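S.K.: Sequence and predicted structure, then a few things I'm wondering about:
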Amino acid sequence: MAWMARLSERGRQRHGERVAVIDADRRVTYAELDRRTDGLAAAFHAMGVGRGHRVAVLSHNRLEVLETYFALGKVGAIAVPVHYGAVPDEVAAIVAGCETSAIAGEEELLRRLSRPAGCSVLAFESGRYRDAVASGDRPPPLDIPDDELMFILHTSATTGRPKGVCVDHRSLRSVATGYLADVDPGGDTVFLHCGPLSHGAMVLPLVYMAAGATIVLMRMFSPPGCLATIRRAEATHLFLVPEMLRFVLQAAKRSSASLPSLREVVYAAAPMPRPLLLEAHATLGCGFRQVYGITEGGGPVATLAPSEHDYTSAVPRGAGASVGRAIMGTVVESRDDGELWVCGPGRMRGYWNDSAATEEAVRDGWVRTGDLGTVDEHGYVHLAGRVKEVIIRGGQKIFPAEVERVLLEHPGVRDACVVGVPSDEWGELPFAYVVAPGEAPGEAAEFVASLKGLVRERLALYKRPVGFKVVRELPRNPAGKVTRRHLRTEAACHAAGLAGPRS
């Protein structure tokens, strides 16, 4: 029995009457979830979906998505999650690339697609789905080893075309046991997951389910909806990315919302601006847990506990300046070129049908993260930026994350992103985008002058941005990461003719 089937069975045996999933007004216990997914697995089997078959799942967050994942795990099939915001051509490319034999999802989204020949479709709203989960049927017993694939998770593609990360049952099992060896969420955990169930962050709900937690879903994230859901479900844990947290805080201030049940905010996917962390801690009064992870590493790689955060100083100190320590069973190492590599049973099997990319990313059992950083003597991982984002100015390396941290010290800056722009003289020069509420978009002269004064005090001459642009917000993908390639293209035009500082 593979991990997903064992996880479902374990939930029924140990936490049968505990609520497993809350989706709006619907509540399903662990016993009900196991029974419903048995029936759904039997239905997939009757549709001809079996071991090794790929099934695309196209939907907003909802109970049926998790049920489909468990059901596919029980018949040995492979789930291919697709973000609900993908356009038909993007969905078609993923469906064709993974050679899917079926598509499950929301009826409205499925109607927009042209179904490939021989590809079955199962709509969540259909009578066929309702009959399946209510049938009481069970799929044929299968002995599925943990090294068989469970998911093909497509990367967020901040720099190019997304790749399909192959995740097996062993990865899910090892990440869950490793994470929970370091993190004890408690038997009464109610975990509100605000991220899509269609990318790497969807591993976290499965991890918390291994601890018997109740998982709360939102169809789509909205700040008022998030606050209302926390209160209604009495959520103890909240997962989101920092930009979501900013909007939640704004909504909380407008409504004077009290969230007495909330014990911990789990954040990932993007750096947490220091002013935002301090404001959030003061406003919400709960602990914060950072999760550093990559889809290729199985999801969570390292975590910084609430007790290790520094909630007092403007510049983080000690462990609070890191992203945490590797979870049990995972090793993080900084190689000679400064890139972080990850080794452990949670790592991916490779990229789907892309041996060249796999050979580049996986070597001797280690996965390259694409992140630059160090690991100190106590095992804390410190990030310096992305390998592909390093700006080379006249042979000198500039790490955007370092410049961004300085810009975020400015009281008027809410967010910042630094990208490289071409220079005939220097090769590349740094250019900064800043989000500053109250400032008009463009180049507010006095505000930009204050930014220049700050970087003069804090950064070496060659690291200082040659230009600044004030924007209302930074462009982000569904995973919450800034789409830097779009900013680089725009900045190259905006910064044409700017000269770098002499050093």
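M.R.: The structure has been received and is ready for your questions.
S.K.: that's a strand at residue 57, yeah?
M.R.: Yes: counting by DSSP: H, G, I helix; E, B strand; the rest coil, residue 57 is located in a strand.
S.K.: Hmm, it is touching residue 77, no?
M.R.: No: applying Cβ atoms under 8 Å as the test, residue 57 and residue 77 come out as separate, 10.8 Å apart. In short, each C-beta sits where N, CA and C put it, glycine included.
S.K.: list the helices and strands the lengthiest helix in the chain packs on?
M.R.: As assigned by DSSP state H, the longest helix anywhere in the chain is helix 30-46. If you count contacts as 3 or more Cβ pairs under 8 Å, 6 or more residues apart in numbering; DSSP states H and E, helix 30-46 packs onto helix 3-15, strand 19-23, helix 63-75, helix 127-134.
S.K.: from these, which stretch is densest packed?
M.R.: Of all the helices and strands packed on helix 30-46, helix 63-75 carries the top mean neighbour count, a mean of 25, counting by mean count of other Cβ atoms under 10 Å.
S.K.: Compute the inter-axis angle for that helix and helix 30-46.
M.R.: 60 degrees (axes from the mean of the first three to the mean of the last three Cα atoms, to 10 degrees).
S.K.: one step back: looking at the helices and strands packed on helix 30-46, spot the one closest to residue 354.
M.R.: Taking Cβ to Cβ, helix 63-75 is the member of the helices and strands packed on helix 30-46 nearest to residue 354, at 22.4 Å.
S.K.: Show me the residue sitting in the middle of this structure in space.
M.R.: residue 201 (4.0 Å; Cα atoms, centre = their mean).
S.K.: quick check: mean pLDDT across the longest helix of the chain?
M.R.: Mean pLDDT, helix 30-46: 98.
S.K.: Show me the shaky parts of this protein.
M.R.: Scanning the chain for pLDDT under 70 picks out 156-161, 442-443, 479, 495-503.
S.K.: re earlier: please verify my assumption that the residue nearest to the centre of the chain contacts residue 268.
M.R.: Yes: if you go by Cβ under 8 Å, residue 201 and residue 268 touch, sitting 6.6 Å apart.
S.K.: Which neighbours do those two have in common?
M.R.: Applying Cβ atoms under 8 Å, 6 or more residues apart in numbering, one finds that residue 201 and residue 268 are jointly contacted by residue 239.
S.K.: could the helices and strands packed on helix 30-46 be laid out in TSV, adding distance to residue 43?
M.R.: Formatted as TSV, these follow (distance: least, Cβ to Cβ, whole Å):
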stretch	distance to residue 43
helix 3-15	16
strand 19-23	19
helix 63-75	8
helix 127-134	4
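S.K.: for the ones you listed, which one sits closest to residue 420?
M.R.: Of all these, helix 63-75 comes closest under Cβ to Cβ, at 38.5 Å.
S.K.: mind listing the strands for the stretch 251-400 of the chain?
M.R.: 264-267, 287-294, 299-304, 325-326, 331-334, 339-343, 350-351, 362-363, 366-375, 381-386, 391-393, 396-398 (DSSP state E, counting those that start in this stretch).
S.K.: Can you spell out which helices and strands pack onto the second one?
M.R.: Contacts defined by 3+ Cβ pairs under 8 Å, 6+ apart place strand 287-294 against strand 264-267, helix 274-284, strand 299-304, strand 366-375.
S.K.: Direction included, what does the first one pair against?
M.R.: So the one you mean is strand 264-267. Applying DSSP bridges, strand 264-267 is found paired with strand 237-240 (parallel), strand 287-294 (parallel).
S.K.: Now tell me what touches it from outside.
M.R.: Here strand 264-267 has contacts from 185, 204, 236-242, 245, 280, 284, 286-291, 306, using Cβ under 8 Å, 6+ apart.
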